[in-house]
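**Student:** Sequence and predicted structure, then a few things I'm wondering about:
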Amino acid sequence: MAGTKDGGKAAASTNKSKYGADFYARIGAMGGKKGKTGGFYANRELARIAGAKGGRISRRTKKSA
């Protein structure tokens with residue numbers, strides 16, 4: 001059954017039962033954490049500008065002290 005849709009479902013089921021229901025979430029998170037150059041890594045100034053724009057249009061309510 002290797003290489004078929006049914007085989008893939010069986011393998012996924014086996015992995016989830018052996019390693020827990022969050023198996024694929026955990027290996028996906030590992031891959032995401034390995035990257036070092038994603039997002040605004042290359043352009044610090046662009047990150048600053050984007051953050052400022054996001055702050056201006058923030059939907060959060062203002063805190064009243």
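**Tutor:** Now that the structure is in, tell me what you want to look at. Numbers count the residues shown, from 1 in each chain.
**Student:** helices or strands up against the helix or strand encompassing residue 12?
**Tutor:** Using DSSP states H and E, residue 12 sits within helix 5-19. Judged by 3 or more C-beta pairs under 8 Å, 6 or more residues apart in numbering; DSSP states H and E, helix 5-19 is in contact with helix 23-34. C-beta coordinates here come from the backbone N, C-alpha and C atoms, glycine included.
**Student:** what does the helix it packs on contact?
**Tutor:** 12, 15-16, 19-20 (C-beta atoms under 8 Å, 6 or more residues apart in numbering).
**Student:** returning to what we had before: could you check the angle the helix holding residue 12 makes with helix 23-34?
**Tutor:** Put simply, helix 5-19 runs at 80 degrees to helix 23-34, going by axes from the mean of the first three to the mean of the last three C-alpha atoms, to 10 degrees.
**Student:** what does helix 5-19 contact?
**Tutor:** Here helix 5-19 has contacts from 1, 23-24, 26, using C-beta under 8 Å, 6+ apart.
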